[in-house]
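**Q** Coordinates only, no sequence provided:
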């Protein structure tokens, strides 16, 4: 296990195969998937294990993934936050998912802010993108709190999703 970064309340680290129970608890919940892909929810641990293994391999290949997000005070995995390559790259896409029990406590904002800083400072990304279901007001607020702006010109915007961008120039305003 490698710790990627820490915040006041969280540790973001690489996934391990023995994290399967927590991984399945998060990604086996239909509410967590509601705005992502309702058909993508894991029905069993075997399908979750295959995706977890792919995530571990993705980290090895790219140096980032959706990292396990651990609440420091309890040592429990409460979600995932990190990156994938948007539409195959080269742009980084910020992604976060948290177990329902941990919604509305500021964890997504805290983790996403740390990941965005990591993208600019460590990964030297010139820009980070995010795609959000128009009905997902909570995720939109997270993005706006950490400095993302809606890209009005993006063809990715459609009836279902909005496309957001962040760059050092946008997020580090005086």
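**A** Right, received. Where do you want to start? All figures in this text were calculated on a predicted structure; none of them were measured in a lab.

**Q** Go through this protein and flag its longest strand.
**A** Looking across the chain with DSSP state E, the single longest strand is strand 76-85.

**Q** which parts of that one are buried?
**A** By neighbour count on 16 or more other C-beta atoms under 10 Å, the buried set for strand 76-85 is 77, 78, 79, 80, 81, 82, 83, 84. Using the backbone N, CA and C atoms, a C-beta is placed for each residue, glycine as well.

**Q** same question, stretch 149-162
**A** Those buried within stretch 149-162 under the rule 16+ other C-beta under 10 Å are 150, 151, 157, 161, 162.

**Q** With stretch 85-98 instead?
**A** 86, 92, 93, 94, 95, 96, 97, 98.

**Q** mind listing the strands for this structure?
**A** 3-6, 10-13, 66-71, 76-85, 92-98, 128-133, 149-150, 161-166.

**Q** contact partners of the fifth one?
**A** What that stands for is strand 92-98. Residues outside strand 92-98 that contact it (C-beta atoms under 8 Å, 6 or more residues apart in numbering) are 26-27, 32, 36, 64, 66, 69, 78-86, 107-108, 111-112, 115-116, 119, 123, 125, 127-131, 139, 142-143, 148, 166.
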